[in-house]
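A.B. asks: got a sequence here, can you model it:
(chains A, B and C)
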Amino acid sequence: MVNVRRIKFPIFVIICQVVFLVLFGALVEYDDSAKPDNQDKKVDRAEGGAVTRMYPMFQDVHVMIFVGFGFLMTFLKRYGYSAVGINLLIGAFVIQWAIIIRGLLSDHGGKFTISVTDMLTADFAAATVLISFGAVLGKVGPIQLLVMAIIEVVLSQVNEHIGLEMLHVADVGESMFIHAFGAYFGLAVARVLYNDKSEDNPAEGAVYHSDLLSMIGTVFLWLYWPSFNGGGVTGDEQHRAVINTYLSLTVCTLVTFVISALVDGKGKFDMVHIQNATLAGGVAVGTAAHMPLHPWGAMLLGAVAAVISTVGYKYITPCLSSKIKLHDTCGVHNLHGLPGILAAVAGAIMAALSSKEKWGTSLFEIFPEMAASNATGSVMPGSDRSATVQGGYQMLALVITLAIAIVGGIITGFILKLPIWDSPEGEKFFDDNHNWNVAEEGFPGFPKSKYENGKSNDDTEINLMSDETKLS
Amino acid sequence: MVNVRRIKFPIFVIICQVVFLVLFGALVEYDDSAKPDNQDKKVDRAEGGAVTRMYPMFQDVHVMIFVGFGFLMTFLKRYGYSAVGINLLIGAFVIQWAIIIRGLLSDHGGKFTISVTDMLTADFAAATVLISFGAVLGKVGPIQLLVMAIIEVVLSQVNEHIGLEMLHVADVGESMFIHAFGAYFGLAVARVLYNDKSEDNPAEGAVYHSDLLSMIGTVFLWLYWPSFNGGGVTGDEQHRAVINTYLSLTVCTLVTFVISALVDGKGKFDMVHIQNATLAGGVAVGTAAHMPLHPWGAMLLGAVAAVISTVGYKYITPCLSSKIKLHDTCGVHNLHGLPGILAAVAGAIMAALSSKEKWGTSLFEIFPEMAASNATGSVMPGSDRSATVQGGYQMLALVITLAIAIVGGIITGFILKLPIWDSPEGEKFFDDNHNWNVAEEGFPGFPKSKYENGKSNDDTEINLMSDETKLS
Amino acid sequence: MVNVRRIKFPIFVIICQVVFLVLFGALVEYDDSAKPDNQDKKVDRAEGGAVTRMYPMFQDVHVMIFVGFGFLMTFLKRYGYSAVGINLLIGAFVIQWAIIIRGLLSDHGGKFTISVTDMLTADFAAATVLISFGAVLGKVGPIQLLVMAIIEVVLSQVNEHIGLEMLHVADVGESMFIHAFGAYFGLAVARVLYNDKSEDNPAEGAVYHSDLLSMIGTVFLWLYWPSFNGGGVTGDEQHRAVINTYLSLTVCTLVTFVISALVDGKGKFDMVHIQNATLAGGVAVGTAAHMPLHPWGAMLLGAVAAVISTVGYKYITPCLSSKIKLHDTCGVHNLHGLPGILAAVAGAIMAALSSKEKWGTSLFEIFPEMAASNATGSVMPGSDRSATVQGGYQMLALVITLAIAIVGGIITGFILKLPIWDSPEGEKFFDDNHNWNVAEEGFPGFPKSKYENGKSNDDTEINLMSDETKLS
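C.D. replies: Have a look, this model is predicted:
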């Protein structure tokens, strides 16, 4: 049985990797701006400037996905290797798979191309899955996570395709298509996989330095969020997206500290709130960041997001766990779920309030379907949505997103329950020993008595902390 | 009394946040390059390129403020949550307040605009306050820090306005207006608030991993300092600023290691010096970084800064503490104060040595007031400063900066002494338990016997390190 | 004797620094694009745009050198100060020395200039030495490291000069000239300096949080590697380099997890593999990253690199140590050596397969010596290499690189054996106490019994971990 486990993960991943490689060989070419200058090339060299223009913001997002999400999840005292290591594994897996799925969804008939723009959107797809990872962190094994990723990438990209290409809605920072989708998909999976060993587990908690490592993730996410919301647009849309996100996050931070102190019995701050809820303003402004929200509008969204998110961490997450058996390890419901819904509603309201008078021609860049009835030179033939109708479509996209995420997540949860995926037993929840050879001295700040509670019996190479040696 | 404390911080911050939000609503609009394309817009879309051009350097500075300053201060073994968390709080607070104050100081009569340039200068303003934070780190509470921020932002922005708009001096990396101001303001506050509980406090020190976390801050500051000094200019000024800062820091690093070994009894290096004094070269070259210093000139400044700063940490800081009751937690005097004065003097000397022959038309870009008497086509009517006079103005700006900083800091110190701001008692200095719910296992590497010395009696939820449990 | 040690390092470094400063004063000027606008200036201001264009990728590389390499090496539980601190020292030292050596090797007759391009290549030179540092990490003192740096910079820059200027080979990410050179130079040094105290040394190992700190280095290296491979080129070459490196790393990561689980007795992952072998794909694609490898070609290289590297860590490194007395602390042979050779071979094969039909005019940008016999308008007179001949030159460059690195490393090793450089005794290997005043509580997770084994007797200020105090 040990042998089966030993080779199950390698076989699973190598099959996936061979399939990816074959599909890349059959389907993926360089974008014209990355092709050598031979006769096939259609653009002139100057277009190579896309790298110069987009690359810095792509790298900011890249840091968010792998440093931001990775270190944010190192808060668990005994699950840091997995947080940052499995985060890297999932990210690298999803990037390849998302390029394939997104290419197949595009209309280029068979072959498709890759450029720095596709690197950005592939990283966005990784974000979706890593948000779901946060809901089940510590309770599932690596094969389960990759199975989840395979399904979730397909569903999330189809959902985004419906929203952008069929409903023609705006969601510049993808607060619906990434944040709300990833959160509710992950929550549905977590609900199906519920195991009461995740409650009151002594391994689920932070030590002082794991909290500080987690802040590395928080701060990089906080800093680069304007690039996440503005990376996909240009010109004044980009400039507004950057300014709005920056301002929303500053207000969100202040209000998070306020609520964190207010809900604490002694008026002290809670690191969980600071690590997470300070970022909710980036999500909340994500759908409408490129719209003319006005600076104060972006700030107000940040304030509301902070209240929702911090209250969520304090009251909603424990309640979900005890009442409906939904254990959400990182509280993605509070950081990505509720703020994602807030973002979608804000986007719909902005759409309903939009007009050619106030937004000028920016209106048709943000909502192309509103062009025909308004523009002097019609941009898209046959399109003549009113502002109210566009607002309705924005809400429809949210409903579809939630439906696909929740139904897809439930089905995925049942697939992950199949006993073939090397799921960790409850005793090994939140414990790197399940997947890693842990450093000799074991986990920091973990007293013997508590450790024994969570100790598994079938693992002879368990590494206890050094103090045991000394005291025995 | 617990209840008062519990709501004092939330009430204080929420009032500030509401005031900020109202002022933003009343006064702040998007810059033309970030406005939608309606009839009010004056610039053409191409100007949106400002985001592409400035944004990468803005993000470098953004990382310096929140990762750099935040993690640099995590060296204290029991004050890491506050270092990086309260750093985030202050930064988010100051960004909003500085945008308002800077807008009011500008000449646009009432309303003013926000662009990525204002995001850069708002981050600069945050740097000023966070430098002062370093002087009082661990000895004041969050409300006190925000009161300090409110006052310091006004004074530092007025001081910068006097220097740039009235005296027309050059200070490209703001070594006078940010570093010297922030340091001496903070030192003045620290002197007024002096409490002998900050001496020989067992909580004031590092453990091995807190020193390494601190190096995250150091290295990011070291790397991105060229963006700090060059972010506000363009063309050859920017290119020189970047090269000069890069070279200055390399020399500063070598000389810091030299002096650190030289002043140690056994010739060993001291982490405090490496964490801090290696950065002094970035400050020292900050006023004149865009001037034609020559590469060797920038390097020489870096060497002098390293000597001053390292000697300061070894001899001056302990002396200030014992002789004039000035306890400077992070040694900001050595990293920002003395090197800031060095920068100002170097800038004045460069100004006095400048000439149209050597600097060409760059002279008038750097010192516009020297245009009339030199330029063929006069740039500014009525301005005809000689090089010596410009040098004099540079020194005058330093004197005014120090005067406003020190007098302002003293007054602020007395305001912070009012017993209404929830100041921590001496027993809770350098202790996250004052403001945070600390992770269950408590602080790392903190033996019981030492802890008891610094233990406060009125806090029933004090979290001792896990070893206590085991030994009792 | 203590006094001699105390001043040896300061004297050595200050002499070097003074020499550097004099050479900079005599030889180095600003590049035209960084000069003031006086009559000497030949380029127009627009050229200052080089900063805007290159600077973001330079900063990515800058982060790789100082955060990436620095924190990657913090995995040793008791050598973190040195990992990140001495990394900073060596980097700052090499940057200055490399600018001088590279300038002297250029053809400008005496004086030479500095621009942001030279900052990038100076950082590349630092990478070479820091790779060698990885091979001897913990076993040599700071003076030895700087002596090594002085010699290695000269040899590596001469080697690069031979390859690029005389053999006209392509090596866009310098996998030969930096990675292979740095690895085999360092390994040769390590072999000569072999000391059996480096075997089974209890200080050579990780604790839980040192492994996590190390991952900060890994992830930043992984993220910014596309900038390392693409920073030196423009247009479609740059775009391909970025895409190829990004894809290679994603596959390399998956395959590393696969092999890591496969070679472990229980199918668990090993942090050493994840920290290092996940990066091998960046090295392996480095020589040919700008060539039209096709996406699948880049991915295949990443897969092969992962297998070679992970197998190397598991089987080759222990074998080198036991069989040929070559102790490679960081396993640079597996991360930089073997993948560097793989990169060179891949580059040679690509060259041999290249043709004007497939590559268009990009062929002559990548291999200028192939121009005459192919181009319609000849680019370089007298050059008419065939594809096969260019492939041969690529292999020749690899052979020369390995020869200079190994012979140079052996000679350097013997120089470093001279008893004048303050080499640490075997008892002080992997121990920051040799060079640093370590924080009061000592090293984390280091039980007394183990510590005593590695304890040195002549150091009265040894800092044991706090537990000893409590237990005695």
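A.B. asks: low pLDDT regions in chain A?
C.D. replies: In the predicted model, chain A carries pLDDT under 70 at residues A:1-3, A:5, A:39-50, A:108-109, A:372-383, A:440-442, A:444-472.
A.B. asks: do that again at 50, thanks
C.D. replies: Within chain A, the segments meeting pLDDT under 50 span A:1, A:45-48, A:374-382, A:446-472.
A.B. asks: scan it for its longest helix.
C.D. replies: helix A:387-417 (DSSP state H).
A.B. asks: counting by contacts, list what that helix packs against.
C.D. replies: Packing contacts for helix A:387-417, counted by 3 or more Cβ pairs under 8 Å, 6 or more residues apart in numbering or on different chains; DSSP states H and E, involve helix A:142-161, helix A:181-192, helix A:338-353. Backbone N, C-alpha and C define where each C-beta goes, glycine included.
A.B. asks: and that helix, how far out from the chain middle?
C.D. replies: Averaging C-alpha positions (Cα atoms, centre = their mean, to the nearest Å) puts helix A:387-417 16 Å from its chain's average.
A.B. asks: buried ones in that helix?
C.D. replies: A:387, A:389-395, A:397-398, A:400-402, A:404-406, A:408-409, A:412-413, A:415-416 (16 or more other Cβ atoms under 10 Å in any protein chain shown).
A.B. asks: circling back: the helices and strands packed on helix A:387-417: which one's closest to residue A:430?
C.D. replies: helix A:181-192 (13.7 Å; Cβ to Cβ).
A.B. asks: using CSV, write out every CA atom in that closest one.
C.D. replies: Provided in CSV are the C-alpha atoms of helix A:181-192 (Å, rounded to 0.1, in the frame of the first residue of the first chain):
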residue,chain,number,x,y,z
PHE,A,181,-16.0,32.0,-8.6
GLY,A,182,-12.9,30.7,-6.9
ALA,A,183,-14.4,31.3,-3.4
TYR,A,184,-17.8,29.7,-3.9
PHE,A,185,-16.4,26.8,-5.9
GLY,A,186,-13.9,26.1,-3.1
LEU,A,187,-16.6,26.5,-0.5
ALA,A,188,-18.8,24.0,-2.2
VAL,A,189,-15.9,21.5,-2.4
ALA,A,190,-15.2,22.1,1.3
ARG,A,191,-18.8,21.5,2.3
VAL,A,192,-19.0,18.2,0.5
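A.B. asks: just want the angle from the longest helix of chain A to helix A:181-192.
C.D. replies: 40 degrees (axes from the mean of the first three to the mean of the last three Cα atoms, to 10 degrees).
A.B. asks: and the angle for helix A:387-417 with helix A:338-353?
C.D. replies: Using the same axes, to 10 degrees, helix A:387-417 lies at 160 degrees relative to helix A:338-353.
A.B. asks: what's the next secondary structure element after helix A:387-417?
C.D. replies: Counting by DSSP states H and E, the element after helix A:387-417 in chain order, helix or strand, is strand A:436-437.
A.B. asks: check which helices and strands that next one sits against.
C.D. replies: helix A:80-105, strand C:269-270.
A.B. asks: show me how far that strand is from its chain's centre.
C.D. replies: On Cα atoms, centre = their mean, the centre of strand A:436-437 falls 26 Å from that of its chain.
A.B. asks: residues in contact with it?
C.D. replies: A:81-82, A:85, A:461, C:264, C:268-271 (Cβ atoms under 8 Å, 6 or more residues apart in numbering or on different chains).
A.B. asks: which of these come close to chain B?
C.D. replies: For chain B, no contacts are drawn from the contacts of strand A:436-437 by Cβ under 8 Å from any Cβ of the partner chain.
A.B. asks: most widely separated two among the residues you listed?
C.D. replies: The span of the contacts of strand A:436-437, defined through Cβ to Cβ, is set by A:85 and A:461 at 18.4 Å.
A.B. asks: and those two? which has more neighbours close in?
C.D. replies: Taking other Cβ atoms under 10 Å in any protein chain shown, residue A:85 and residue A:461 do not tie; residue A:85 has more neighbours (29 against 10).
A.B. asks: wait, doesn't the more buried one sit right on residue C:269?
C.D. replies: Yes: between residue A:85 and residue C:269 there is a contact at 6.8 Å, judged by Cβ atoms under 8 Å.
A.B. asks: the helix or strand encompassing residue A:129 and chain C in contact?
C.D. replies: Assigned by DSSP H and E, residue A:129 falls within helix A:116-136. Yes: using Cβ under 8 Å from any Cβ, helix A:116-136 reaches chain C at A:116, A:119.
A.B. asks: from the middle of its chain, how far away would that helix be?
C.D. replies: 6 Å.
A.B. asks: check stretch A:301-320 too.
C.D. replies: Worked out by Cα atoms, centre = their mean, stretch A:301-320 lies 18 Å from the chain centre.
A.B. asks: stretch A:72-81 now?
C.D. replies: With Cα atoms, centre = their mean, you get 17 Å for stretch A:72-81.
A.B. asks: that one near chain C at all?
C.D. replies: Yes: applying Cβ under 8 Å from any Cβ, one finds stretch A:72-81 touching chain C at A:74, A:80-81.
A.B. asks: on that earlier part again, tell me which of the helices and strands packed on strand A:436-437 is the most buried.
C.D. replies: A comparison of the helices and strands packed on strand A:436-437 by mean neighbour count, using mean count of other Cβ atoms under 10 Å in any protein chain shown, puts helix A:80-105 on top with a mean of 25.
A.B. asks: for the closest residue to residue A:337 other than its chain neighbours, the count of nearby residues, please.
C.D. replies: The shortest distance from residue A:337 to any non-neighbouring residue, by Cβ to Cβ, 6 or more residues apart in numbering or on different chains, is to residue A:183 (3.6 Å). Residues within reach of residue A:183, counting by other Cβ under 10 Å, total 32.
A.B. asks: now do residue A:183 against chain C, distance only.
C.D. replies: The gap separating residue A:183 from chain C is 24 Å, by Cβ to the nearest Cβ, to the nearest Å.
A.B. asks: list the contacts of that residue.
C.D. replies: Here residue A:183 is in contact with A:131-132, A:135, A:332-333, A:335-337, A:340, A:405 (Cβ under 8 Å, 6+ apart).
A.B. asks: check residue A:126 too.
C.D. replies: Per Cβ under 8 Å, 6+ apart, neighbours of residue A:126: A:65, A:90-91, A:94-95, A:98.
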